[in-house]
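J.: what shape does this take:
(one chain, ligands or ions: 1)
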Amino acid sequence: MEQTLLLYAFPAFVVPMFCMMDAFLVFVLSMFCMMIYGVYDFILRPKYLRAKLVKQGIDGPTPTLILGNYPDIQKIESKERASDATAYNSNESLSLECCSALLPELSQWTMEFGKNFTFALGKTQFLYVGDGDLVREMSLCKTLDLGKPSYMRKERGPLLGKGILTTSKEAWVHQRKTIAPTFFVDKVKNMLGTMLDSGDTLVKSWEKLVETEGGIADIKVDDYVKTFTSSVASIAMFGRYEAEEQVLFSKCRDLMEVSGSPTVVDGRPFYRYYPTKKHREQWKVEKEIYRIIQDIDKKCKSQGESILQTLVDASDKGELGSCTPRQFIIDNCKELCIVAMEVPGITAIWGLMLLAAHPEWQERARAEVLEICGGQSLDSEKLNKMKVMKLIIQEIIRLYSGVGFTAREALADVNIGKNIVVPKGVNIWIWPAALHRDRELWGPDALKFNPGRFANGIPGACKIPSSFTPFGIGPRTCPGMNLGIMELKVLYALLLPKFSFSISPNYRHVPRFDVLLEPKYGVQLLVRRV
Ligand code: HEM
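T.: Numbering: from 1, shown residues only. Reported below is the predicted structural model:
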């Protein structure tokens, strides 16, 4: 009897005890696994990646545990980062050196370790490629194992989402095959009419300003230029540029503004999840953009051909990766709006500043436009004949192409040329601003604005032509290149015959690198009628 009672009591008493022990064991085990994983992820893996690079002759500053080289960066930046320049003094020549002021740590490490070096931001190991020969090898590397860094999607989620700029492998191939043909030369040629109309609106508004200001207007050109690029982008994307699209592009600008520099660069891991004021603002604007694109999409269905329609058609076929069809449409649409407005916009703004600071080249370009157009309206044939303009645009994008880094992540071990194997997990950075100012590649006048250097093409200007990378490298080069160049040409060809410009005494020459390389306080010009 006693035995039977004990048998009955056994489960009632012991089972919960076992359960508690089980739960405790599971807890201890999972803590142990997490610790092991943490040690592997934060300490062993970065050490292993760094050792693999060092073994191949690529050295760099010694990282600290967990934080990597963040402490070094803070030390160097607090010493070296230039304070904002004062107003531009027209008696002095404009300094086109900006790398050591923007990211002094990269300049210092280049001096210490050579043009290629390795460093760590937290647990992420980087390979910085500043050597023209290695850039050339990279540009020949076609493997899909060179993808986009995962930190871009994590840190830039609200801004970029899962569109073409952040995806890799087969999902990227599908996005690329969908998007790139929409910017082929024949498609871009058809956008000329739109560009001329938008450019004409800009010219008329400056004419009015100059007139009301008594012959010379002090104009901050940024908003005018970005309205021009937004309207061109909008008509390509949606077939129209009306109130709703104007709100969309202005929200995209707000999102860029609140996005600032990525946290992987400023050193606060997991910071992106904190509901700070800035982050809440980003999440709010992101949602607004999502809603507006959805609304436009409903209306666009009846509008016929547009890039949005192309995205919709491709969203239910091909490899979407981790995207839902809706994300495929909306994230790509948002990315394209942002890129097509901001990058040619910022490049065109820098270009106006450079032309204003170099009246001799401004005059040559004006004379060429007047000679070729002879009072007639612009067309593609006339644009193609503008040789001086071509040189000027090449020099503008050499110095200030707007884009910060060309970034890649090795998604498997990747051979670059014959000598280097980049181990899986390493991020690669190429910095065009530094590469395009390298005296060994461009000669002693690398820091001068000299469009004439391109008179014999890129090989005549640069010792290793494939290290001229304003539009990136390899299979991921910019698909919007033709559109971007044509926008610059049209804008300058419309402005130059009407206006001459010089730099306003209120201009402050402070390049800023957040999402893109832009003029921190905008570009302010003194504009007169010719
Ligand atoms: C002067 C103007 C422009 C410049 C200097 C420029 C520059 C660049 C650069 C450097 C890249 C990175 C390439 C790489 O990672 O190797 C890029 C990518 C890209 N650009 Fe542009 N761009 C310009 C205009 C445009 C325009 C007008 C569009 C049209 C939407 C556009 C769309 C894109 C897209 C979609 C990508 C991502 C390509 C991919 O990852 O497959 N760009 N651009």
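
J.: you'd agree T110 is up against G130?
T.: Yes. Assessed by C-beta atoms under 8 Å, T110 is found in contact with G130 at 5.8 Å. Where you see a C-beta, it was placed from the backbone N, CA and C, and this is true even at glycine.

J.: overlap in contacts of these two?
T.: A434 (C-beta atoms under 8 Å, 6 or more residues apart in numbering).

J.: all helices for the stretch 201-350 of the chain, in order.
T.: Under the criterion DSSP state H, counting those that start in this stretch, the stretch 201-350 of the chain contains helices at 222-238, 243-259, 263-266, 277-300, 307-314, 325-357.

J.: and those as CSV, adding distance to the ligand and mean pLDDT?
T.: Output for the helices of the stretch 201-350 of the chain, formatted as CSV (distance: least, C-beta to the nearest ligand atom, whole Å; pLDDT from 0 to 100):
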stretch, distance to the ligand, mean pLDDT
helix 222-238, 7, 96
helix 243-259, 12, 90
helix 263-266, 17, 52
helix 277-300, 15, 84
helix 307-314, 8, 92
helix 325-357, 4, 95
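
J.: looking at the ones you listed, which is nearest to G417?
T.: For the helices of the stretch 201-350 of the chain, proximity to G417 was assessed by C-beta to C-beta; helix 263-266 is nearest, at 27.2 Å.

J.: how about low-confidence regions in the stretch 401-530 of the chain?
T.: By pLDDT under 70, the stretch 401-530 of the chain contains no weakly predicted segment.

J.: give me every residue in it lying close to the ligand.
T.: 401-403, 406, 470-473, 476-480, 483-484 (C-beta under 6 Å from any ligand atom).

J.: just among these, which is most surrounded?
T.: For these, neighbours were counted using other C-beta atoms under 10 Å, and G484 has the most, 26 neighbours in all.

J.: so which strand or helix has it?
T.: helix 481-495 (DSSP states H and E).

J.: which strands and helices sit next to that helix?
T.: Counting contacts by 3 or more C-beta pairs under 8 Å, 6 or more residues apart in numbering; DSSP states H and E, helix 481-495 packs against helix 185-189, helix 192-212, helix 222-238, helix 325-357, helix 359-373, helix 380-385, helix 387-399.

J.: now render these as JSON lines, adding distance to V285.
T.: What follows is those, written out as JSON lines (distance: least, C-beta to C-beta, whole Å):
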{"stretch": "helix 185-189", "distance to V285": "30"}
{"stretch": "helix 192-212", "distance to V285": "25"}
{"stretch": "helix 222-238", "distance to V285": "16"}
{"stretch": "helix 325-357", "distance to V285": "11"}
{"stretch": "helix 359-373", "distance to V285": "38"}
{"stretch": "helix 380-385", "distance to V285": "36"}
{"stretch": "helix 387-399", "distance to V285": "29"}
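
J.: could those go into TSV alongside mean neighbour count?
T.: Shown next, in TSV, are the helices and strands packed on helix 481-495 (neighbours: other C-beta atoms under 10 Å):
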stretch	mean neighbour count
helix 185-189	14
helix 192-212	15
helix 222-238	23
helix 325-357	24
helix 359-373	17
helix 380-385	14
helix 387-399	21
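
J.: so which of the ones you listed is nearest H509?
T.: That would be helix 325-357 among those, by C-beta to C-beta, at 8.0 Å.

J.: off-centre distance for that closest one?
T.: Distance, stretch centre to chain centre, for helix 325-357: 9 Å (C-alpha atoms, centre = their mean, to the nearest Å).

J.: do the same with stretch 444-463
T.: Worked out by C-alpha atoms, centre = their mean, stretch 444-463 lies 24 Å from the chain centre.

J.: quick check: end-to-end length of that stretch?
T.: 12 Å (C-alpha to C-alpha, to the nearest Å).

J.: give me the residues contacting that stretch.
T.: 94-97, 132, 354, 357-358, 361, 388, 390-392, 394-395, 399, 436-443, 465, 468.

J.: what is the burial count for E213?
T.: 14.

J.: okay, it: pLDDT?
T.: Confidence at E213, expressed as pLDDT, is 94.

J.: E487 versus that one, what's the distance?
T.: Applying C-beta to C-beta, to the nearest Å, the value for E213 to E487 is 27 Å.

J.: and for D22?
T.: D22 is 66 Å from E487, by C-beta to C-beta.

J.: and those two? which has more neighbours close in?
T.: E487 (26 against 10).

J.: contacts only, for that one.
T.: Neighbours of E487 in contact, by C-beta under 8 Å, 6+ apart: M195, F228, T229, V232, P344, A348.

J.: the fourth one and G345 touch, don't they?
T.: Right, the one you point to is V232. No. With contact defined as C-beta under 8 Å, V232 does not count as touching G345 (9.8 Å).

J.: name the element S502 belongs to?
T.: With DSSP H and E as the test, S502 turns up in strand 499-503.

J.: check which helices and strands that strand is in contact with.
T.: helix 325-357, helix 359-373, strand 524-529.

J.: as TSV, the ones you listed with distance to N456 would be great.
T.: Converted to TSV, the helices and strands packed on strand 499-503 look like this (distance: least, C-beta to C-beta, whole Å):
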stretch	distance to N456
helix 325-357	21
helix 359-373	17
strand 524-529	31
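
J.: how far away is L65 from G122?
T.: L65 is 11 Å from G122, by C-beta to C-beta.

J.: and if you look at L106?
T.: With C-beta to C-beta as the criterion, L106 and G122 are 17 Å apart.

J.: returning to what we had before: overlap in contacts, L65 and G122.
T.: Joint contacts of L65 and G122 (C-beta under 8 Å, 6+ apart) are F42.

J.: compare the two (neighbour count), which wins?
T.: More crowded of L65 and G122, by other C-beta under 10 Å: G122, with 20 against 10.

J.: that one against P71, yeah?
T.: No. Applying C-beta under 8 Å as the test, G122 and P71 come out as separate, 11.4 Å apart.

J.: how about the residues of the stretch 51-200 of the chain that lie near the ligand?
T.: Within reach of the ligand by C-beta under 6 Å from any ligand atom, the stretch 51-200 of the chain has these residues: I164, L165, R176, I179, F183.

J.: for the last one, give me the pLDDT.
T.: Read that as F183. 94.

J.: quick check, central residue of this structure?
T.: Residue closest to the average C-alpha location in the chain (C-alpha atoms, centre = their mean): V403, at 4.4 Å.

J.: tell me the secondary structure at I428.
T.: strand (DSSP: H, G, I helix; E, B strand; the rest coil).

J.: gap between it and S322?
T.: Going from I428 to S322 by C-beta to C-beta gives 23 Å.

J.: between those two, tell me which one has more neighbours.
T.: Between I428 and S322, I428 has the larger neighbour count (other C-beta under 10 Å), namely 22 against 9.
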